[in-house]
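Novice: structure of the sequence below:
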Amino acid sequence: LTMQFIKSILVLALAASSAAFSPVLPGLSSVRGASGVTKLSMAEKGKVNFKIELESEKVANMEEVKAGEKKVYCRCWESGTFPLCDGKHMAHNKATGDNLGPLIVTVAKE
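Specialist: Purely as a prediction, here's the structure:
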């Protein structure tokens, strides 16, 4: 095999593999997950927070969790008690078929 032939095969292989990442919309690239579902990166999805501390450059919360305590934190950005979860993700999941859920933090008793 000639070096030119090998280079041609590599170029074709790269082109074929990049087809799996072809744009779904102009400027957006997709990634096909193991389930075969096309997923967009967080940057491609755009903004996710439309109600919590919108004037802040970054939403960051600090909470103390004491020994023996459990706290349930929102990950859907819809909670009326943010950063704590109020269960709003359940309506979202029912309406969209999504599987959002909270972050549950527990600290063992000393």
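
Novice: so Ala67 makes contact with Thr106?
Specialist: No: if you go by Cβ atoms under 8 Å, Ala67 and Thr106 don't touch, sitting 10.0 Å apart. (Glycine included, C-beta is placed from N, CA and C.)

Novice: quick one, which of these two is more surrounded?
Specialist: In this comparison of Ala67 against Thr106, neighbours counted by other Cβ atoms under 10 Å, the higher total goes to Thr106 at 11 against 8.

Novice: any idea how far the residue nearest to the more buried one when sequence neighbours are not counted is from Glu63?
Specialist: For Thr106, the nearest residue in space outside its immediate sequence neighbours is Lys70; the separation is 4.6 Å by Cβ to Cβ, 6 or more residues apart in numbering. Using Cβ to Cβ, to the nearest Å, we find Lys70 at a distance of 12 Å from Glu63.

Novice: coming back round to it: what number of residues lie near the residue nearest to Thr106?
Specialist: 9.

Novice: what does Lys71 give?
Specialist: Summarising burial for Lys71: neighbours were counted as other Cβ under 10 Å, giving 17.

Novice: so which strand or helix has it?
Specialist: Assigned by DSSP states H and E, Lys71 falls within strand 70-73.

Novice: what is that strand packed up against?
Specialist: Contact here means 3 or more Cβ pairs under 8 Å, 6 or more residues apart in numbering; DSSP states H and E; on that basis strand 70-73 packs against strand 103-106.

Novice: partner strands of the strand it packs on, parallel or antiparallel?
Specialist: According to DSSP bridges, strand 103-106 has the following sheet partners: strand 70-73 (antiparallel).

Novice: would you mind pulling the contact partners of the strand it pairs with?
Specialist: The set of residues that contact strand 70-73 without belonging to it, under Cβ atoms under 8 Å, 6 or more residues apart in numbering, is 63, 65, 83-85, 102-107.

Novice: tell me the buried residues in the helix or strand that comes right after that strand?
Specialist: Proceeding C-terminally, strand 70-73 gives way to helix 89-96 as the next helix or strand, assigned by DSSP H and E. Of the residues in helix 89-96, those buried under the neighbour-count criterion (16 or more other Cβ atoms under 10 Å) are His89.
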